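S.K.: What follows is a predicted structure for the sequence shown.
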Amino acid sequence: MSKAVCLFNILHSLFFSPKCSSPSPYELKKEDYKMAKKVFLFIFMFLFWNSCKSSYGFSELELLQTVKESFNDPLGSLSSWNSSLHFCQWDGVSCDNSSRIAKISLSGKNLSGKIPEKIFQLQHVETIDLSNNQFSGVIPGNLSIPLSLKYMNLSDNNFTGQIPKGLSTPFLQTFDLSNNMLSGEIPEDIGSFSGLKVLDIGGNVLEGRIPKSIINLTNLEFLTLASNQLIGEIPPELGLMKRLKWIYLGYNNFSGEIPKEIGGLTSLSHLDLVNNNLTGEIPTSFGNLTNLQYLFLYFNKLTGIIPVSIFGLQSLISLDLSDNFLSGEIPESITQLQNLEVLHLFSNNITGKIPNALSSLPHLQVLQLWSNRLSGQIPQDLGKKNNLTILDLSTNKLTGKIPERLCESHQLFKLILFSNSLEGQIPKSLGHCTSLQRIRLQNNKLSGELPPGFGSLPLVYFLDLSGNNLDGKFRGQKWNMPEVQMLNLAGNKFTGEIPDSFGSRKLEKLDLSDNGFSGRIPPGLFRTLLKLVELKLNENKLSGEIPDEISSCKELVSLDLSHNELTGKIPSSLSEMPVLGQLDLSVNQLSGEIPPRLGAVGSLVQVNISHNHFHGSLPSTGAFLVINSSAVAGNDLCGGDRTTGLPPCKRNKSPAWWLFLTCFLSFILVVFMVTAFGYLIMKRKRDSDSDSMKMESEDGNWEVQFFNSKALKLMTVEDIFSSTKEENLISRGLKGATYKGTSSINDEFQFVATVFSDTSSFHDTHQIETIGRIDHPNVIKLIAACKSGKTVILVYEYIEGKILSESLPELSWDSRTKVAMKIARALNYLHCCCSQLGDYEITTQNILVDLKDEPYLKLSFPAGSSSSKNCANNNNNNKCVASSAHVAPETSSESNVASDQASDIYGFGLLLIELLTGKSRSDAEFGVHDGIVQWARYCYSDCLLETWVDPNILKGNTNALDECQNQMVEIMNLALQCTSIDPSARPFASDLVKALESIVRSNNSCILGIKYFL
């Protein structure tokens, strides 16, 4: 019974009780009696009122206790919900002045279970907030929403099913069901929420069209339907909802033109229609949106000229029309946008000049116009009155000089102007722009010397000036760039000697190739470059010997000193470099013999020593076993395989008696060996000194080749064949069956054998040999290969563990970054040393994680013919659907080294997204988003970090999100670069390694909410 009922009953009993029919003879006493009765009734009313109040409180208490019992509370967030406290003092509960429950706020408590219906029976509650929890199940359709409820938030949970019908209430002002897994169509009766001001049902998998009844929400101010699977045209009737301030319909499948009626919403401050299939022109009526602050229309198919009226919206703060097919010029009237901070018009067909008016925008921070057809000069006053932080005008047709005042604000940290026709000197002011972090000026016509101080910028981590006409001597330039990781000065006209140091211990890629550097390679250079991965000094005029100190670079993978004037011998210390994979010393004046131990470097895959003065025997180990003739030509070498084209080494003539004695002793030795070890020869049926043999078995004739000398001693060929029995089966896939085997010689030695029954694509045995000689700590080693007819058996080392897709939920954040780093290094090694092999499948299915969380990449066979590539152009094969989930957009049946490597980077980007989110690239749960990449882009730009990071990361460390959020955001940014639609915009593998190491080491905060591109 409510208080109103109690009060009514009391008053009725007091004032409307029936009177006596006959008068009393004692009038005075009767009046006294009446007065006493009223006093008595008043006291009764007071006691009864409190009784009603007490009864009502008990009812709310019972409801809350029932609600608590329906919750799963692993963190004990509701520990205060007990009888020792009044419920108004419970955590998450607020009461009004009459001790009635007015607010239930349990956001972010990690609660789970189904939605408690009892919570909606609180008759005076105004706010119910259960957001950011783990509630699941269907929202009941029989909920009776109290009339008092004004705010209802069930967002960021795991609710499924449809939005129930009949939930309408005229007094509800905020209705938020965003970021769940709700499906079906938006119910037509959504229009009956007549008092609604905020409607947010974005981030679900809703289908169908926007219901027409939505125009009945005349009080609506904020409308968010983003990130669903809504289709059809945007209803023009939205233009009748005059109170709308925020419209967010992005990341759906809307088509057709943008309704011109939206231009009548004069209160609108935020319009976001991104990532749809909208066509046609931008309505000129948008010029009427005088209060508009944010206009986002990127990732659509809009055409035509940008309406001039857009550039008259004086309230605009951020304008993003990128990734469309817009044309025309940017008008000078853009000077009216005095509040503009961000301008993104990149990836369109905009022509003409960059207007000088941009220089007059005082708040402009981010200007990105790259990948258009802009011409003319960059406004010379750009930066003078702006607060530029990011300037990207790359890939246009710009000419003239780089403006002098770009860094006038001292806040510019990213300057990207590559692939234009800019000329003249680099402005002197940039030598004092200490805020700069990333500079890309390559592929222009810049000339002259570097400005003073340019080599001492303290925060620069990426500097690319390659492909220009810059000159000057380095000895006069002080280099002290402590943060630089990538330095590319190739293709210029620099002269003089190479400096002893660049002032950085973080440098990972140094490219000074194709210049005019002379003198010796400074030994002191390598004392600080302990992180160096790639060094290119080729095509200069360097002389002297190769310094021994270069061997101190233990992480060096690629070394190119070709086309110089180097003399002396190859330092034997090069054989002590553990991950050296590519070595080019061609076209020099080097002499002497090839160090025998150089061939024993297991990681070395590519060697070029042509056109020097080497003599003697070519090593018969390692990379020299598969070296081709062009890589050894122009020397006085001998020996090697037939592919080298070298003559056999001549032996010195010996006296006849010595020859007779040698033959006699050899005969005696042979007889002894045949007698002593005959049983081994019969058992193995092969020469014990050879790792390649032919043998017969019940299945036919086999060619067997071992790539690991240790394995050759620990197992027999019979072990391989005996392992391929059904009881040893591990898995069976499209390519073949995989078995686990054990050596008969040493039962502790185990291996994995994969049998391919259809090997029509194994046409290049040299490819298998090359991969068999790959020796990287994070690549699963190929031990042996057996071939008979169309059947091939590939034998790998056995590693105890799980594939990454299975072990991912158990990995901590540190382990995930470890996986990313190690696989990136392996990929960099493969790209440097085995680029001729084609693309590799970088997936969670091809990565094994051992018991110590150490990752290992298994190369798919045949390399360069991955299932994903074979499926890329096959629309009729259902088996291709899952495989194509990781195919780069440009993948086709034809490939080359560059496209294969770009495809690998795309796959690695997908791997990073999976490590971050726990999602699988083959999932079908990304709603409107066309796969995991689009979903990740949406999450990165529009969602809170905790909504897309894998919750399993928090299991072992609940503070991981707070401690590592900067790393997570930056790695997601890197993942999105790797999965760029444009292959040329993806970083190289060496850049990945550098970026990841920088992210792991860095503690810098990240800027969210704006799209920043490298």
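M.R.: Done, it's in.
S.K.: For residue 445, grab the count of nearby residues.
M.R.: Other residues lying near residue 445 total 13 when counted by other CB atoms under 10 Å. Any C-beta I mention is one placed from the backbone N, CA and C, and that applies to glycine too.
S.K.: Distance of it relative to residue 401?
M.R.: Noted for residue 445: a distance of 10 Å to residue 401, by CB to CB, to the nearest Å.
S.K.: what residues do the two have in common as contacts?
M.R.: 422, 423 (CB atoms under 8 Å, 6 or more residues apart in numbering).
S.K.: So what does residue 215 have for phi and psi?
M.R.: Backbone torsions for residue 215, taken as degrees, to the nearest 10, come to phi -70, psi -10.
S.K.: what sits against the closest residue to it other than its chain neighbours?
M.R.: In space, and not counting its chain neighbours, residue 215 is closest to residue 237: 4.3 Å by CB to CB, 6 or more residues apart in numbering. Contacts for residue 237 (CB under 8 Å, 6+ apart) come out as 212, 214, 215, 261.
S.K.: buried ones in stretch 322-338?
M.R.: 322, 323, 324, 326, 327, 330, 331, 334, 335, 336, 337 (16 or more other CB atoms under 10 Å).
S.K.: typed the wrong thing, it's stretch 467-485
M.R.: Applying a neighbour-count criterion of 16+ other CB under 10 Å, one finds 467, 468, 470, 471, 474, 477, 479, 481, 482, 483, 484, 485 buried in stretch 467-485.
S.K.: What secondary structure category should be reported for residue 518?
M.R.: Each residue gets one of three states, and residue 518 gets strand by DSSP: H, G, I helix; E, B strand; the rest coil.
S.K.: you'd agree it is up against residue 540?
M.R.: Yes. In terms of CB atoms under 8 Å, residue 518 counts as a neighbour of residue 540; the distance is 7.2 Å.
S.K.: shaky segments in the stretch 101-250 of the chain?
M.R.: Nowhere does the stretch 101-250 of the chain drop to pLDDT under 70.
S.K.: ranges for the strands of it?
M.R.: For the stretch 101-250 of the chain, the strands defined by DSSP state E, counting those that start in this stretch occupy 101-105, 112-114, 127-129, 134-138, 151-153, 158-160, 174-176, 198-200, 222-224, 246-248.
S.K.: how about the second one: buried residues?
M.R.: It stands for strand 112-114. Of all the residues in strand 112-114, those buried under the rule 16+ other CB under 10 Å are residue 112.
S.K.: name the helices or strands packed onto it?
M.R.: Applying 3 or more CB pairs under 8 Å, 6 or more residues apart in numbering; DSSP states H and E, we find strand 112-114 packed against strand 134-138.
S.K.: Check the offset of the strand it packs on from the chain's centre.
M.R.: Offset of strand 134-138 from its chain centre (CA atoms, centre = their mean, to the nearest Å): 29 Å.
S.K.: contacts for it?
M.R.: 72, 110-115, 154, 157-162.
S.K.: how does it look with 7 Å?
M.R.: Strand 134-138 has contacts (CB atoms under 7 Å, 6 or more residues apart in numbering) with 110, 111, 112, 113, 114, 115, 157, 158, 159, 160, 161.
S.K.: OK, contacts around the last one?
M.R.: Read it as residue 161. The neighbours of residue 161, taking CB under 7 Å, 6+ apart as the test, are 138, 139, 182, 183.
S.K.: Now list the buried members of those residues.
M.R.: Of the contacts of residue 161, these count as buried by 16+ other CB under 10 Å: 139, 182, 183.
S.K.: Distance to residue 834 for the strands of the stretch 101-250 of the chain - can I get that in CSV?
M.R.: Shown next, in CSV, are those (distance: least, CB to CB, whole Å):
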stretch, distance to residue 834
strand 101-105, 57
strand 112-114, 48
strand 127-129, 55
strand 134-138, 45
strand 151-153, 54
strand 158-160, 44
strand 174-176, 52
strand 198-200, 50
strand 222-224, 49
strand 246-248, 47
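S.K.: Could you say which one of the ones you listed comes nearest to residue 207?
M.R.: strand 158-160 (13.9 Å; CB to CB).
S.K.: In the closest one, which residues are buried?
M.R.: Across strand 158-160, burial judged by 16+ other CB under 10 Å covers residue 159.
S.K.: strands paired with that strand, and their directions?
M.R.: Next to strand 158-160 in the sheet, as set by DSSP bridges, lie strand 134-138 (parallel).
S.K.: send the alpha carbons of the partner strand over as PDB?
M.R.: Extracted C-alpha coordinates of strand 134-138, given in PDB (Å, rounded to 0.1, in the frame of the first residue of the first chain):
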ATOM      1  CA  GLN A 134      28.600  -8.700 -17.600                       C
ATOM      2  CA  PHE A 135      24.800  -9.100 -17.500                       C
ATOM      3  CA  SER A 136      23.600 -11.400 -20.200                       C
ATOM      4  CA  GLY A 137      20.400 -13.100 -21.500                       C
ATOM      5  CA  VAL A 138      17.300 -11.500 -23.000                       C
END
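S.K.: Quick check: buried residues in it?
M.R.: Within strand 134-138, the residues that count as buried by 16+ other CB under 10 Å are residue 135.
S.K.: One more: stretch 977-987?
M.R.: 977, 978, 979, 980, 983, 985, 986, 987.
S.K.: Which single one of these is nearest to residue 491?
M.R.: Residue 491 lies nearest to residue 987 out of the buried residues of stretch 977-987, by CB to CB, at 19.5 Å.
S.K.: does the residue lying closest to that closest one once chain neighbours are set aside sit in a helix, a strand or a coil?
M.R.: Nearest residue to residue 987, sequence neighbours excluded (CB to CB, 6+ apart): residue 977, at 5.9 Å. Recorded secondary structure, residue 977: helix (three-state DSSP).
S.K.: and of the strands of the stretch 101-250 of the chain, who's closest to residue 92?
M.R.: Closest among those, using CB to CB: strand 101-105, at 5.2 Å.
S.K.: How about residues contacting that closest one?
M.R.: Applying CB under 7 Å, 6+ apart, the external contacts of strand 101-105 come out as 60, 92-96, 119, 122, 124-129.
S.K.: Direction included, what does it pair up with?
M.R.: Sheet pairing of strand 101-105 (DSSP bridges) gives strand 93-95 (antiparallel), strand 127-129 (parallel).
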